[in-house]
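**Student:** got a sequence here, can you build the structure:
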Amino acid sequence: MKVNVSGGTIQQDEINAYIKYGKRKYPNRHIMGVDINLDNDFVDLKFYFSPVKFERIRRITGYLVGTTDRFNNAKKAEVNERVKHSLS
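**Tutor:** This next block holds a predicted model:
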């Protein structure tokens, strides 16, 4: 994890505490790095996260699906025979 400290110096225990805080605050995100900006008695934290993978969902033959891999033969035939409408 990349850590940038600006505006002064702090001990490693304090850096570890800020990282622990970020992991508690964002439990479902992977933290790639943190910027720690020291401003007298205040500290500004900026966390950087790994991109979240997602699958595109479309409406096909009345169902919201990401892929048609799990469709049975009849539903696959319905997908192949459907009429695609344009927006023009």
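
**Student:** how about low-confidence regions in this structure?
**Tutor:** 88 (pLDDT under 70).

**Student:** please enumerate the strands of it.
**Tutor:** Ranges of strands in the chain, per DSSP state E, are 2-6, 31-39, 42-49, 58-60, 63-65.

**Student:** what pairs with the last one, parallel or antiparallel?
**Tutor:** Each strand that strand 63-65 pairs with, and the sense of that pairing, follows from DSSP bridges: strand 58-60 (antiparallel).

**Student:** beta partners for V34?
**Tutor:** Following DSSP bridges, V34 is listed with bridge partners V3, F47.

**Student:** tell me how far it lies from T61.
**Tutor:** Distance, V34 to T61, by CB to CB, to the nearest Å: 46 Å. C-beta here means a position set from N, CA and C on the backbone, and glycine is covered the same way.

**Student:** kindly report the same for K75.
**Tutor:** Separation of K75 from T61 (CB to CB) stands at 7 Å.

**Student:** kindly report the same for M32.
**Tutor:** For M32 relative to T61 (CB to CB), the value is 40 Å.

**Student:** related to what we said a few turns ago, more neighbours: V34 and T61, which one.
**Tutor:** V34 (19 against 13; other CB atoms under 10 Å).

**Student:** point to the residue nearest the middle of the protein.
**Tutor:** By CA atoms, centre = their mean, the chain has its centre lying nearest to V52, at 2.9 Å.

**Student:** need the contact list for it.
**Tutor:** Applying CB atoms under 8 Å, 6 or more residues apart in numbering to V52 gives the contacts R29.

**Student:** from here on, count from 21
**Tutor:** Let's use 21 as the start, then, which means that last one is V72.

**Student:** and the longest helix anywhere in the chain, what other elements does it pack with?
**Tutor:** As assigned by DSSP state H, the longest helix anywhere in the chain is helix 32-45. Packing contacts for helix 32-45, counted by 3 or more CB pairs under 8 Å, 6 or more residues apart in numbering; DSSP states H and E, involve strand 22-26, strand 51-59, strand 62-69.
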